[in-house]
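Peer 1: output the structure for:
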Amino acid sequence: MGKPTALGEFGRIAKFFAPLAAGQPGALDLLDDAALVECPPGERLVVTVDAMVEGVHFLSDDPPDLIARKLVRVNLSDLAAMAARPVGYFLTTALPKSRGDDWLARFADGLAQDQAEFGIALLGGDSVSTPGPVSLTLTAFGRVAPGAEVRRSGARPGDLVFVSGTIGDGAFGLEAARGQLDERLDPAEVAYLADRYRLPRPRVALGPRLSGLASAMMDVSDGLAGDLGHICAASSVAGVIEAARVPLSPAAARLGRLELALTGGDDYELLFTASRAQQDAILAAAAAAGVPVTPIGRIEAGQGVQVLDAAGQTMALAGVGWRHF
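Peer 2: Predicted structure coming up:
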């Protein structure tokens, strides 16, 4: 857990967070209660916020740097899902006193790593104490040209349904992180899945390339079937997933639990729809981004989501995704 803090609130901000705002004039060296966020002419801001709570979104013994990086990445995934390019973020930490300076130093190191990787900076935020658990909130900013954003509400009958990467690694990765898969997979596969849970890969290179190609888009956070349901509800259409076409990693495929892969969540892949005429352009955009994309179904008139097995029969799913309430 680390030793209790000896720096105090403002000492912590100066030591651990102010360096993360360096080179960002609008952050005002974190000396003010607000920041200035510039938006160039011809662009608009895209703003998203996500919270992560200890015991819900990460495990108590997860490394602090990976907790920080997951917090950044789940927000960048939301920006990618609207075809926006990331700019910066605000951060609020609510930490127990037992999470001392050593823990916070490692947490800040994780933020610095992802700032360098994704070209973003800390713009401001807040720091408070709590009796627990750890609660973290990050608000991310991105930029997109007006009308170039991709929303959930544009899917139309006849569109194809696509997904990036592989599905199910997040849900199985949680089990791996908890030590529940050690006897079912080899150590390298367990480590791969745990890493996929702790360190999502936001598709920031792919999302903006899908502007003008995808008709609707979101990221897979609560489960593939449930998240396609969100697109369908926003677009007033029905969705069909062909389960045999859903891409699985070798580790996930070995487990053979397709229902969890379809409903488990925490994948942070892009789920989107597009007309059949755009398929070649989409595959070219995916190749340019270095991210595999797979067509997994279609959009029809109606409502709801249907999942078909290899024989074309409807699969009965016990649940369609994660719900907090």
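Peer 1: helix, strand or coil for residue 173?
Peer 2: helix (DSSP: H, G, I helix; E, B strand; the rest coil).
Peer 1: going forward, the N-terminal residue is numbered 56.
Peer 2: Sure thing, new numbering starts at 56, so read that last one as residue 228.
Peer 1: need the contact list for it.
Peer 2: Contact analysis of residue 228 by C-beta atoms under 8 Å, 6 or more residues apart in numbering lists 248, 249, 250, 251, 252, 253, 321. Placement of C-beta: from N, CA and C, glycine included.
Peer 1: try it again at 7 Å.
Peer 2: Each residue near residue 228 by C-beta atoms under 7 Å, 6 or more residues apart in numbering is listed here: 248, 249, 251, 252.
Peer 1: go on, residue 237?
Peer 2: Counted by C-beta under 7 Å, 6+ apart, residue 237 has contacts residue 245.
Peer 1: quick one: it from residue 230, how far?
Peer 2: 10 Å (C-beta to C-beta, to the nearest Å).
Peer 1: do residue 361 as well
Peer 2: Relative to residue 230, and taking C-beta to C-beta, residue 361 is found at 27 Å.
Peer 1: who has more neighbours out of those two?
Peer 2: residue 230 (21 against 15; other C-beta atoms under 10 Å).
Peer 1: let's verify residue 171: helix, strand, or coil?
Peer 2: Classified using three-state DSSP, residue 171 is helix.
Peer 1: count the neighbours of it for me.
Peer 2: Count around residue 171 with other C-beta under 10 Å applied: 9.
Peer 1: what helices or strands is the helix or strand harbouring residue 351 leaning on?
Peer 2: In this assignment (DSSP states H and E), residue 351 forms part of strand 348-355. Counting contacts by 3 or more C-beta pairs under 7 Å, 6 or more residues apart in numbering; DSSP states H and E, strand 348-355 packs against strand 215-219, strand 293-297, helix 334-344.
Peer 1: just give me the residue closest to the centre of the protein.
Peer 2: For the chain, the residue nearest the mean C-alpha position is residue 129 (3.1 Å; C-alpha atoms, centre = their mean).
Peer 1: find the nearest non-adjacent residue to that one, please.
Peer 2: Closest residue to residue 129 apart from its sequence neighbours, by C-beta to C-beta, 6 or more residues apart in numbering: residue 105 at 5.1 Å.
Peer 1: quick one, phi psi at that neighbour?
Peer 2: phi -140, psi 140 (degrees, to the nearest 10).
Peer 1: residue 371 too?
Peer 2: phi -90, psi 110.
Peer 1: from residue 178, how far out is it?
Peer 2: Residue 371 is 47 Å from residue 178, by C-beta to C-beta.
Peer 1: who's more crowded, these two?
Peer 2: residue 178 (24 against 7).
Peer 1: how about the strands in the chain?
Peer 2: 99-108, 140-150, 176-184, 190-199, 215-219, 271-274, 293-297, 325-329, 348-355, 359-363 (DSSP state E).
Peer 1: what pLDDT does residue 100 get?
Peer 2: At residue 100, the model reports a pLDDT of 93.
Peer 1: how many other residues sit next to it?
Peer 2: 13.
Peer 1: and it, bridged to which residues?
Peer 2: residue 198 (DSSP bridges).
Peer 1: that one is in contact with residue 194, isn't it?
Peer 2: No: contact criterion C-beta atoms under 7 Å: residue 100 and residue 194 do not qualify, at 11.1 Å.
Peer 1: and the gap between residue 160 and residue 313?
Peer 2: With C-beta to C-beta as the criterion, residue 160 and residue 313 are 42 Å apart.
Peer 1: output the lowest mean pLDDT helix or strand found in this protein.
Peer 2: helix 63-67 (a mean of 67; mean pLDDT, DSSP states H and E).
Peer 1: pLDDT at the spatially closest residue to residue 245 that is not a sequence neighbour, what is it?
Peer 2: Nearest residue to residue 245, sequence neighbours excluded (C-beta to C-beta, 6+ apart): residue 231, at 4.8 Å. pLDDT, residue 231: 94.
Peer 1: pretty sure residue 231 sits against residue 247.
Peer 2: No: the pair residue 231 / residue 247 is not scored as a contact, 8.2 Å apart, by C-beta under 7 Å.
Peer 1: please say which of the two ends up with more neighbours.
Peer 2: A count of neighbours by other C-beta under 10 Å puts residue 231 above the other of residue 231 and residue 247, at 25 against 19.
Peer 1: the more buried one and residue 334, how far apart?
Peer 2: Distance of residue 231 to residue 334, given as C-beta to C-beta: 34 Å.
Peer 1: mean neighbour count, the strands of the chain: which tops it?
Peer 2: Burial of those is given as mean neighbour count (mean count of other C-beta atoms under 10 Å); strand 325-329 ranks first at a mean of 28.
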